[in-house]
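Chemist: Fold the stuff below for me.
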Amino acid sequence: MASLAEIRAKLQSMESKPGSSPAQSDKAIYPFWNIDEGSSTVLRFLPDDDPNNTFFWVERQMIRLTFPGVVGGEQKPVTVQVPCMEMWGETCPVLTEVRPWFKDASLEDMGRKYWKKRSYIFQGFVNENPLNEEAPDNPIRRFVIGPQIFNIIKSALMDPEMENLPTDYVNGTDFRLSKTTKGQYADYSTSKWARKESALDESQLAAIDSNGLFNLNDFLPAKPSAEGVQAIAEMFQASVDGELYDPARWGNFYKPYGLDTGTSTQSTVASAQPAPAVSEPATESVAPVVETPAPAPAAEPVAEAPAPAPATASASEDVGKKSADDILNMIRNRQSS
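Modeler: From the prediction side, this is the model:
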């Protein structure tokens, strides 16, 4: 586990660089999004078991591809979650095509639809739990956190008044996660770190000794093979074109949650249930994918906010009628002229 100074140095380094920034769920994932409006829960984060991870969290980047139905199946909308290759510092075939769309106002809404969604996986104890839930035998829980809460966590780490790592067993700091609403979205902007440091109690130390810590990398999707990347590119184009999801072509790689194709997927996380269109997930059978904003034309997204409504209905309709090839050809022709 890195020191607080090392974490601060790496955060500063990342922010100075443009663009840097097992399938079935179990009860280890704490569904804080289910707490009542106006209530709060207190979390105590723990370090990652991966000694090579500077931070006490890992970042996940996923892309949601929607289809009007499934070939040979029921014709109702389905969503397939696929990993963004930028998570491994490689070129993402989806974002490579989507980025230029933000230079055209008529394509911005389409761009937001296919932009990557970031979430952050932590682990720790729930010190105050307002939920009436059946707690797991292992009290060490995992927390899947969206950009709004993550930015609160990260900004405090850069505060010179925080002298010790919040994950320190003796001089750590609790995090109070508070839920309100802002419009139709859950809002966690009043969440904050405790003012006083505190030590883990004997039962918590015993739980760490007996259960061990999670290696958070185990809960990230598997890196796609070359064939998997090709499947992602094909599914993206089919999604933009409004075609049906074809399990014969892509079922061995990625598939909608709950679809039985008789084969196992390359990445079990990829067949996850899509997260609801709110700032934090409402229900969860696997670790959720959380909405993050699409970028401004020349920048990566840095803050969480719902995507704005389309400028005009006609513009949105026109975009929906364009195929992926039409969109890409229009962009390339504009660039060449």
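
Chemist: State the mean pLDDT of stretch 72-83.
Modeler: Stretch 72-83 shows a mean pLDDT of 93.

Chemist: Could you pull out the buried residues of it?
Modeler: 78-83 (16 or more other Cβ atoms under 10 Å). For every residue, glycine as well, the C-beta is placed using N, CA and C.

Chemist: Could you do stretch 210-229 as well?
Modeler: 213-214, 216, 219-221, 224, 228-229.

Chemist: Okay, and which of those map to helices?
Modeler: Judged by DSSP state H, the buried residues of stretch 210-229 include 228-229 as members of helices.

Chemist: Pairing partners for the longest strand along the chain, with directions?
Modeler: The residue-count maximum for a strand in the chain (DSSP state E) belongs to strand 117-128. Using DSSP bridges, the strands paired with strand 117-128 in its sheet are strand 40-45 (antiparallel), strand 58-67 (antiparallel), strand 141-145 (antiparallel).

Chemist: Show me which of the buried residues of stretch 72-83 is closest to Gly242.
Modeler: Gly242 has its nearest neighbour among these in Val78, at 12.9 Å by Cβ to Cβ.

Chemist: The closest one pairs with what?
Modeler: Bridge pairing for Val78 - DSSP bridges - gives Phe67.

Chemist: Asp246 is in contact with that one, correct?
Modeler: No. If you go by Cβ atoms under 8 Å, Val78 and Asp246 don't touch, sitting 11.5 Å apart.

Chemist: Which residues are in contact with each of these two?
Modeler: In terms of Cβ atoms under 8 Å, 6 or more residues apart in numbering, Val78 and Asp246 are both contacted by the residues Val70.

Chemist: Not counting residues beside it along the chain, what's closest to Leu177?
Modeler: Nearest residue to Leu177, sequence neighbours excluded (Cβ to Cβ, 6 or more residues apart in numbering): Ser191, at 4.7 Å.

Chemist: Next up, the contacts around the one you found.
Modeler: Applying Cβ under 8 Å, 6+ apart to Ser191 gives the contacts 40, 149, 152, 175-178.

Chemist: Now do the same for it: its pLDDT.
Modeler: Predicted confidence (pLDDT) for Ser191: 97.

Chemist: ditto for Leu157
Modeler: For Leu157, the model assigns a pLDDT of 89.

Chemist: Same question for Phe102.
Modeler: pLDDT, Phe102: 95.
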